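1. the sequence and its predicted three-dimensional model are supplied below.
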Amino acid sequence: MRPALLTLLLLAACALPGARHPALDEAEAVLDELHAAAARADGATYFDLFVPEALYLGTDATEHWDLPAFRAFAEPYFARGQGWTYVPRQRHVGLGPSADVVWFDERLDNARYGETRGSGVLVRRDGRWRIAQYVLSFPVPNELAVDLVERVRALPR
């Protein structure tokens, strides 16, 4: 069977009520491994989950890193056995029509920061899911947003 026809049939089958495309479970397993590797300070596994041209956007506006820059930031922590723990509480995933792109957002718990949010994109490369973009952010309640924005604007730059 031709790959395009097989993909179309798989997508159609997953459109049935209660059906879920297996690619979503595979991509979620990558995200779970990302968090597990970070928690155990396993830099080799952690960075192997990204494509070489990946981007990581952290919570600070200056944290817009390509993979080599992000690795340079994180490796000293991992080398000391110091990772970071974000525990997924809720996750939403979506699958592109060709079944080779997944987008996600997840609510995460962290001991220091409380509730955070991760979002991004995974791509299927060489038969495996890898992270192309990861964005870590803080969800801000609307009733606090104006005050917080004013405080950020008041910071020296």
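-> Sure, I can see it.

2. hmm, who's touching the helix or strand harbouring Phe73?
-> Assignment of secondary structure by DSSP states H and E places Phe73 within helix 67-79. Judged by CB atoms under 8 Å, 6 or more residues apart in numbering, the contacts made with helix 67-79 from elsewhere in the structure are 41-43, 46-47, 50-56, 65, 83-84. The C-beta positions use only the backbone N, C-alpha and C, and glycine is treated the same way.

3. which of those residues are buried?
-> Neighbour-count burial within the contacts of helix 67-79 applies to 41-43, 46-47, 50-51, 54-56, 65, 83-84; the criterion is 16 or more other CB atoms under 10 Å.

4. let me have those residues in CSV, adding distance to Leu31 as columns.
-> Rendered in CSV, the data for these read as follows (distance: CB to CB, whole Å):
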residue, distance to Leu31
Ala41, 18
Asp42, 15
Gly43, 17
Tyr46, 12
Phe47, 15
Phe50, 12
Val51, 14
Ala54, 14
Leu55, 16
Tyr56, 14
Trp65, 19
Gly83, 16
Trp84, 15
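
5. how about the strands in this protein?
-> Under the criterion DSSP state E, the chain carries strands at the ranges 50-57, 64-66, 87-95, 101-110, 114-125, 128-137.
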